[in-house]
Every structure is written in C-alpha cells, then in structure tokens.
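>>> Just a sequence and a predicted model for now, questions to come.
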Amino acid sequence: MKNKKGEKTKRVNNFSTGKETGGDKEEPPSLSLVIEREVYPWQKLPLYKNIPPEVFLDWRWQIKNMIKNPSHLFEAFPYLNSEEKENVKRVHRIYPLLISPYYLSLIDPFDPDDPVKKQAIPVIDELLDYKGERDPP
C-alpha cells in the first residue's frame with residue numbers, strides 16, 4: 001500500500017496489547033498507517049533503536065516511558081555535553097522534567113540551536129529570577 005507521496009505504508013491493526021482506556025476500542029485513524037522505513041527517526045537514539053513503530057507510536061507506551069529525571073534523559077539522549085548535563089541537574093532540583101520519547105526523538109542531536117531541544121531540555125537561564133517577574137504557578 002502507498003500513501004499520497006508514494007511512500008510504502010503498512011496497516012497496523014493493533015497498536016497495543018494493553019488494556020483499552022476511556023471506552024476506546026480503536027486507535028486514532030492517523031495511527032492506523034505507518035510509513036515503512038529501514039530506520040525510523042526515534043531509532044537514532046540508542047535507547048529506542050530497537051523499538052518498532054507499533055510500540056513506539058502507541059500513546060500508552062509514550063506515557064509509560066516519559067522522561068522524568070536527568071539520568072533517564074542522559075540515557076535516552078546521550079548527546080548533551082557535560083555543561084548541559086550539569087545545568088539540567090541544577091534546574092531539575094527546582095522544576096520538574098517531563099519529556100515524551102516521541103518529542104525527544106524530534107530533536108536533531110547535532111544542531112545546538114535545534115528549536116525542539118530549546119523547548120524540551122532545561123537550561124540554566126530558567127533559574128534566573130528577574131525583578132518583577134512572577135514564578136509559574
């Protein structure tokens with residue numbers, strides 16, 4: 001089967017063998033077709049290199065595997081330098097960390113100015129307090 005761009009796709013009948021929640025019996029239509037590739041974007045990250053699309057794209061798996069602490073982030077995304085790692089640890093002492101594996105997989109690990117990286121990975125500037133600015137609730 002091919003999509004509109006002519007890319008080879010495959011139909012995925014069952015994305016999850018886990019318990020269905022909220023009365024949902026089927027996955028969203030957008031997840032029923034997956035483009036067949038030799039390497040999927042998330043497989044560039046060592047922790048996810050052997051995860052097939054049927055697992056990685058399942059929202060239940062994403063929630064279960066959220067990145068919640070610096071050590072998990074460093075394991076999943078080993079491309080941070082020592083200064084960035086130290087800054088993540090310092091920020092995490094004050095603010096929580098929560099990144100989905102899918103969102104992490106969107107980051108170009110070799111682009112220091114990657115916009116997704118700037119949104120997802122904490123930086124030390126988050127600890128600077130400017131006079132007159134309120135802390136987030």
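Done, it's in.
>>> Which parts of this protein are helices?
Ranges of helices within the chain are 53-56, 59-64, 70-76, 82-92, 101-105, 115-120, based on DSSP state H.
>>> want to try CSV for those, with distance to residue 40 and mean neighbour count as columns?
All C-beta spots, glycine's among them, are computed from the backbone N, C-alpha and C. Compiled in CSV, the helices of the chain are given as follows (distance: least, C-beta to C-beta, whole Å; neighbours: other C-beta atoms under 10 Å):
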stretch, distance to residue 40, mean neighbour count
helix 53-56, 6, 18
helix 59-64, 14, 14
helix 70-76, 15, 17
helix 82-92, 25, 15
helix 101-105, 8, 19
helix 115-120, 17, 14
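>>> Got phi/psi on residue 113?
The phi and psi values for residue 113, taken as degrees, to the nearest 10, are phi -100, psi 20.
>>> Pull the number of nearby residues for it.
Other residues near residue 113 number 7, with proximity taken as other C-beta atoms under 10 Å.
>>> Please report how far it lies from residue 53.
Counting by C-beta to C-beta, to the nearest Å, the gap between residue 113 and residue 53 amounts to 29 Å.
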